[in-house]
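Visitor: This is the structure alone, sequence omitted:
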């Protein structure tokens, strides 16, 4: 299809696929944001522990509070701090890709190509964050609240919370979105 001095626009299938891809990224970032902000990573008796906060009573949100800087430096396992950092970095990349995908739906469409490589890398960072969280189970902080816990084993007295499951879902959906991004073409390629 020839264009007469006008920039080609997406339409039909290409636009629908791009919108679906953008929605998929939005779902990934919402689930990932819930996961990192949630204190429900590790259920401990009536309470729970997360990457950035904890609750003394899981059923009462008013008992939840963020870790203090002193707690982060002295009590929280180094692996959990690393998990929070890598998870946040991967989530930042996916948030950025989401905003770029919104812009590339209508204009600056050549910016679609770099996302194909960024999203799998971001998902790897989030996945590394999940693995680092489990690696921190052997820390004194965790073994004091979960007797018998060791690296990659939470022990019998603790259970995984729904935030960890949400993190894994965000990784899986992120990889699916990265496969979809391979099908999303800039408008210039659609008309070539």
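Guide: Looks like it came in fine. Predicted, not measured: the structure shown is a model, and the values here were computed from it.

Visitor: Mind checking which residue lies nearest the centre of the protein?
Guide: Residue closest to the mean C-alpha point of the chain, counted by C-alpha atoms, centre = their mean, is residue 32 at 3.5 Å.

Visitor: other SSEs contacting whichever helix or strand it is part of?
Guide: Assigned by DSSP states H and E, residue 32 belongs to helix 12-37. The helices and strands touching helix 12-37, judged by 3 or more C-beta pairs under 8 Å, 6 or more residues apart in numbering; DSSP states H and E, are helix 78-106, helix 112-135, helix 162-181. (Glycine included, C-beta is placed from N, CA and C.)

Visitor: Residue 144: which of those is closest?
Guide: Nearest to residue 144 among those is helix 78-106; the distance by C-beta to C-beta comes to 14.1 Å.

Visitor: Which positions in that closest one come out as buried?
Guide: For helix 78-106, burial by neighbour count (16 or more other C-beta atoms under 10 Å) applies to 79-84, 86-88, 90-91, 93-95, 97-98, 100-101, 104-105.

Visitor: Straight-line length of stretch 49-57, end to end?
Guide: Terminal residues of stretch 49-57 lie 10 Å apart, using C-alpha to C-alpha, to the nearest Å.
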